[in-house]
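> show me the folded form of this:
(2 chains)
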Number of protein chains: 2
Amino acid sequence: MAVKQTARTRSGRRRGRADGAAPESLRKVNYRQLRNPFPAMAVFSEDQAEDMHQSALYILEDLGMRVLLPEARAIFAQSGARVDGEMVFVGRDIVAAALASAPKSIPCRAGARDRDVVMELGNLVFQAGAGAPHATDLVRGRRPGSASDYIEYLQLTQHFDVFHMISPQVEPQDVPTHLRHYFTTEAQLTWSDKFPFTFARGTPQVMDCFEMIRNYRGVSDDAFRAHPHTYTIINTNSPRTLDIPMAQGLIDFARHGQMSIVTPFTLMGAMAPITVAGAVTLSHAEALLAITLTQLVQPGAPVCYGTFTSNVDMKSGAPAFGTPSHFQASLAAGQMARKIGLPWRSAAGSASNINDVQAANENQMGLWGCLMAGATVVIHAAGWLEGGLSVSYEKLITDAEVLNMIAELCAGAEAGPEDIGYDTAIGEVAPQGHFFAASQTMARYNTQFYEPIVHDYANFGTWSERGARDANTRATDVWQDIVARKAQPGLDRDRLAALQSYTAKRTAEGGAPPES
Amino acid sequence: MAVKQTARTRSGRRRGRADGAAPESLRKVNYRQLRNPFPAMAVFSEDQAEDMHQSALYILEDLGMRVLLPEARAIFAQSGARVDGEMVFVGRDIVAAALASAPKSIPCRAGARDRDVVMELGNLVFQAGAGAPHATDLVRGRRPGSASDYIEYLQLTQHFDVFHMISPQVEPQDVPTHLRHYFTTEAQLTWSDKFPFTFARGTPQVMDCFEMIRNYRGVSDDAFRAHPHTYTIINTNSPRTLDIPMAQGLIDFARHGQMSIVTPFTLMGAMAPITVAGAVTLSHAEALLAITLTQLVQPGAPVCYGTFTSNVDMKSGAPAFGTPSHFQASLAAGQMARKIGLPWRSAAGSASNINDVQAANENQMGLWGCLMAGATVVIHAAGWLEGGLSVSYEKLITDAEVLNMIAELCAGAEAGPEDIGYDTAIGEVAPQGHFFAASQTMARYNTQFYEPIVHDYANFGTWSERGARDANTRATDVWQDIVARKAQPGLDRDRLAALQSYTAKRTAEGGAPPES
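Purely as a prediction, here's the structure:
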């Protein structure tokens, strides 16, 4: 594939000048739809991977899984699965039928067609760090997440094309829980045109969110059911438990044609076996049960496989991320995903408490595990600290730099005659000459190279004169500039008014508390 | 391959406790001999790669290369190459014969057999950041490199098994240039037992170094010639120039059976074409000429292929590292190396002025390019800042953490029945239970996971109480502890005395100034 100009604009690649005008890069590369160019890596042999898959099937058949929602147990029982109290035992034939009906390619509808994402093996989709109770930045420090933080974080992730879906972001803790889903859904629809997220916190909230999205996007019930217009993330309660809101979410999203991403989140040595093989086998079993539930509800319902498995520090019990075990677990999950053929999610992330060198190294190490595992969606690809207890504005920027560079690698490079430049470059320049004025250079100098967001190539003297500011300090400038722009790419004022009156009506009716 | 205990000890994985005693990890993984487990990635098609190779051969035949050393030109002329003034034009048959005689596997002799490294495609060898005029750390700041810095840096790189060869390190600028090679050779032999480096700064210095190594290692002339006991790095003067000391180095090392690593260092848009394809084609041509010279001197002489190609920032002309173009150039060089079948070097590195998030991200991005390119030796894999103008003690530590994790990935993982743990873990733990006390966990808890050097998994509260110290600050503790130990694994007191009297004699004789 060529590194060449495309029709789409890569936004937000340069930070604003002192006068506020952001110089537009002449280089145009499509960061919005990516294919993974990295060769898939396996950590286990094919035989070993098959043993893990078979072990997972035995887990579902013989050890069973605890399913807390009676409706879900009834659905399993109806399919022929054995149900004993809260325990559900699912035979491999039922699982096989579910895997056969689950779609291998899922077109997801965002607010604009060039923001649509297709979930299938081979595609590469990034999400910013998600689900954090706290936000942090160098200006205001670490604090409980607020509505204001939620919107700012949304502005930042909207700004960079390389974030392809809206993540669960930061929790707006200052919004009452029975009204919070109105706030987050309105914010997503009006501050972004990307594919939005809906928490599975009980049917009433989910139905509210579906209605808001349907109305704001202007799609009929049938069109809404035909393609996912939102998605949720389903975590099992490892080991071997599916709780009420998660089971309800799987059922509700499947019934309405919306997408569930099934992701057991396990830490080796804590809620999963201490080994990569054991942890991924357990996670695989749990994911298969959840996927099966969606297909029993509605064959063909859009569902993604997934895992997020890392290890604890065995000295302290603390979670660790970006470790060799985390990397290998991603590779193992990729082997399982290719076996069942479904799109799937994995995750990067960091255990560091601030955006320091540890945070950068852990996040990138975790990211490479996902890339080489062939993950379809990489969650927590940017901004995630403390194992998810906070998201950092500066880290979002510095990680976006890495993701942009990955997107550049997705675009590839060419080595045709004009690229080699035997006549237009190599032959033009005498020994020990320079290429600054070669024909090839003159034709390409302002489009050839990736232009960084925050990386600084000034030499030590110049950099010192400019204040010796590190990447984090420069990242503060970048996010402040983006937040100050107050861009609302999703805004439709008429529909916003309708959205607000819906929220007012539902608020007056008492809202919808989360269920558990 | 199994993550299991091996006979060799991985040293220096844990920083010392407050009482000075370093707890020894129970986990033992061999970091000293690595095979690259990552699938090779190509950036160009096979046809395009072949076009680049053919273009390089045309460059050598038709455009020629400027060779400044008369002896080298005479060697080329004798082989049948056309020589016109300083320009040398080498036909493809001469190149083909050289590539046929160059060894595909090179066993290199260090000071101890378990420190030996074998240079061949598929092996993975790391070097610390090299050749810097300045050193920097958080305690003493940035300063011109000194003899003291040279020894400290050597202590640090010796300490970590994951650095497999001694690099050119930091320049001891307070040692006079006509005596500097005595100092650096003595330091390498007595403070390390790893494979040492010799600068090609003229025959007199090189012969001095060879004699010192031969005598200190206690090997005969024949044994010395039979296998490399030291190596040098040969940079061409791109474009298309081979200068006097570099040509002389190629000749001297080949004649004595010592290893040259041929590495054109080019920046796309400056001393090479602005494209990856053009820059790597030019670099490939230059490397082929240098490799050919070694084989004309001595067929079978140990020589490695290599490239170090990144881009400049076209706005400022400043060098950039860890960029998408740098990554792609490594991939392209890997395609060239596989085409000719020789072991080869690539490089990571950073343009950042301090060890900040930019530095971490650039270095790791560059590193992954090398890993996926299948590089045999990765130079500047740790500690390198400012595009090589300084090496940072803290960065050496934080990058060593990344390299250790890569070494762990080289060890792989297993998924046999005991690893999956259907009976000893998964079946033992009830739904929503925990695995801390499972049989499998109890059997493995103190050997299962990589234990970090400097990464900290404490939660925000604990970390804050402990002083909220970032990874760099903690890295300072690590290097200070290592330097304070004053370990000299290469020390043989009798041979040291002989070494010192040799230096005294040669100093009295006037030493050996560098030649150029």
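
> could you list the low-confidence segments of chain A?
Low-confidence segments of chain A, defined by pLDDT under 70, span residues A:1-24.

> where is the longest helix in it?
Longest helix in chain A, counting residues (DSSP state H): helix A:276-297.

> the helix or strand just after that helix pairs with which strands?
The helix or strand immediately downstream of helix A:276-297 is strand A:303-306, counting by DSSP states H and E. Strand pairing for strand A:303-306, using DSSP bridges, gives strand A:259-262 (parallel), strand A:344-347 (parallel).

> helix or strand: which one has the residue lying closest to A:K486 once chain neighbours are set aside?
Once its chain neighbours are removed from consideration, A:K486 has its nearest residue in A:Q155; the separation is 7.5 Å (C-beta to C-beta, 6 or more residues apart in numbering or on different chains). The way it works is simple: take the backbone N, C-alpha and C, and place the C-beta from them, glycine included. Remark: A:Q155 resides in helix A:147-159, with elements defined by DSSP H and E.

> do the same with A:I251
helix A:244-255.

> ditto for A:D494
If you go by DSSP H and E, A:D494 is part of helix A:493-508.

> what sits up against that helix?
A:L179, A:Y182, A:E186, A:L189, A:T190, A:D208, A:E211, A:M212, A:N215, A:Y216, A:G218, A:A512 (C-beta atoms under 8 Å, 6 or more residues apart in numbering or on different chains).

> filter the residues you listed to the buried ones?
When the contacts of helix A:493-508 are checked for burial by 16 or more other C-beta atoms under 10 Å in any protein chain shown, the buried set is A:L179, A:Y182, A:E186, A:L189, A:T190, A:D208, A:M212, A:Y216, A:A512.

> and of those residues, the nearest to chain B?
Taking C-beta to the nearest C-beta as the measure, chain B lies nearest A:A512 of the buried ones among the contacts of helix A:493-508, at 26.9 Å.

> so how far is A:L491 from the residue nearest to A:K486?
In this view, A:Q155 and A:L491 are 12 Å apart by C-beta to C-beta, to the nearest Å.

> got TSV for the contacts of helix A:493-508, with distance to B:T236 too?
As requested, the contacts of helix A:493-508 are arranged in TSV below (distance: C-beta to C-beta, whole Å):
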residue	distance to B:T236
A:L179	68
A:Y182	66
A:E186	61
A:L189	58
A:T190	58
A:D208	67
A:E211	68
A:M212	64
A:N215	66
A:Y216	61
A:G218	63
A:A512	70
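
> of all pairs in these, which one is the farthest apart?
Within the contacts of helix A:493-508, two members stand farthest from each other by C-beta to C-beta: A:L179 and A:G218, at 24.2 Å.

> at the contact with chain B, which residues of the stretch 101-250 of chain A appear?
Neighbours of chain B within the stretch 101-250 of chain A, by C-beta under 8 Å from any C-beta of the partner chain: A:R142, A:N237, A:P239, A:R240, A:T241.

> spatially, which two of those residues are the most separated?
Checked with C-beta to C-beta, those reach their widest spread between A:R142 and A:R240, with 35.0 Å between them.

> and these two? Which one has more around it.
A:R240 (27 against 17; other C-beta atoms under 10 Å in any protein chain shown).

> A:A407: helix or strand, and which one exactly?
helix A:393-411.

> quickly find the element holding A:L124.
Under DSSP H and E, the secondary-structure element containing A:L124 is strand A:123-126.

> that strand: how far from the chain's middle?
When C-alpha coordinates are averaged (C-alpha atoms, centre = their mean, to the nearest Å), strand A:123-126 and its chain have centres 8 Å apart.

> which residues make contact with that strand from outside it?
Outside of strand A:123-126, the residues that reach it under the criterion C-beta under 8 Å, 6+ apart are A:33-36, A:117, A:119, A:162-165, A:343, A:371, A:375-378, A:381-382, A:403, A:406, A:410.

> which helices and strands does whichever helix or strand comes after that strand pack with?
Using DSSP H and E, the helix or strand that follows strand A:123-126 towards the C-terminus is strand A:134-137. Secondary structure elements in contact with strand A:134-137, counted by 3 or more C-beta pairs under 8 Å, 6 or more residues apart in numbering or on different chains; DSSP states H and E, are strand A:141-144, strand A:390-392, helix A:393-411.

> okay if I get these as TSV plus distance to B:R201?
Conversion of the helices and strands packed on strand A:134-137 to TSV gives the following (distance: least, C-beta to C-beta, whole Å):
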stretch	distance to B:R201
strand A:141-144	53
strand A:390-392	47
helix A:393-411	37
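
> now, of these, which is deepest in the fold?
Ranked by average neighbour count under the criterion mean count of other C-beta atoms under 10 Å in any protein chain shown, the helices and strands packed on strand A:134-137 are headed by strand A:390-392 at a mean of 29.

> direction included, what does that one pair up with?
Its sheet considered, strand A:390-392 pairs with strand A:134-137 (parallel), strand A:384-385 (antiparallel) by DSSP bridges.

> in PDB, list the C-alpha atoms belonging to the first one.
Below are the C-alpha coordinates for strand A:134-137, written out as PDB (Å, rounded to 0.1, in the frame of the first residue of the first chain):
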ATOM      1  CA  HIS A 134     -10.400   9.300  38.100                       C
ATOM      2  CA  ALA A 135      -9.000  11.800  35.600                       C
ATOM      3  CA  THR A 136      -5.600  13.400  35.900                       C
ATOM      4  CA  ASP A 137      -3.600  16.100  34.200                       C
END
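
> run the chain-centre distance for that strand.
Taking mean C-alpha positions (C-alpha atoms, centre = their mean), strand A:134-137 and its chain are 19 Å apart.

> tell me which residues are up against it.
Counting by C-beta under 8 Å, 6+ apart, the neighbours of strand A:134-137 from elsewhere in the structure are A:142-146, A:149, A:153, A:170, A:354, A:385-386, A:389-394, A:476, A:479.

> make it 7 Å
Counting contacts by C-beta atoms under 7 Å, 6 or more residues apart in numbering or on different chains, the residues outside strand A:134-137 that touch it are A:142-145, A:149, A:153, A:170, A:385, A:389-394, A:476.

> same deal with stretch A:165-176?
Applying C-beta under 7 Å, 6+ apart, the contact partners of stretch A:165-176 are A:117, A:125, A:127-133, A:135, A:144-147, A:149-150, A:153-154, A:157, A:180, A:183-184, A:188, A:192, A:194-197, A:199, A:233, A:379, A:391.

> now stretch A:190-209
Here stretch A:190-209 makes contact (C-beta under 7 Å, 6+ apart) with A:108, A:110-112, A:115, A:117, A:151, A:154-155, A:158, A:164-168, A:181-182, A:185, A:188-189, A:213, A:230-232, A:234, A:245-246, A:248-249, A:252, A:488-491, A:496, A:506, A:512, A:514-515.

> buried sites along that stretch?
Neighbour counts over stretch A:190-209 (16+ other C-beta under 10 Å) mark A:190-206, A:208-209 as buried.

> restricting to C-alpha, output it in CSV.
This file holds the C-alpha atoms of stretch A:190-209, laid out as CSV (Å, rounded to 0.1, in the frame of the first residue of the first chain):
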residue,chain,number,x,y,z
THR,A,190,-23.1,15.9,20.3
TRP,A,191,-19.4,16.1,20.9
SER,A,192,-18.4,13.3,18.6
ASP,A,193,-19.4,11.6,15.4
LYS,A,194,-17.7,8.3,16.2
PHE,A,195,-19.3,5.0,17.2
PRO,A,196,-20.7,5.4,20.7
PHE,A,197,-20.6,3.2,23.8
THR,A,198,-23.5,2.2,26.1
PHE,A,199,-23.0,0.7,29.5
ALA,A,200,-25.0,-2.5,30.3
ARG,A,201,-26.3,-1.4,33.6
GLY,A,202,-29.8,-2.9,33.3
THR,A,203,-32.5,-2.9,30.7
PRO,A,204,-34.2,0.4,31.5
GLN,A,205,-30.9,2.4,31.0
VAL,A,206,-30.0,0.4,27.9
MET,A,207,-33.5,1.0,26.3
ASP,A,208,-33.2,4.8,27.1
CYS,A,209,-29.8,4.9,25.4
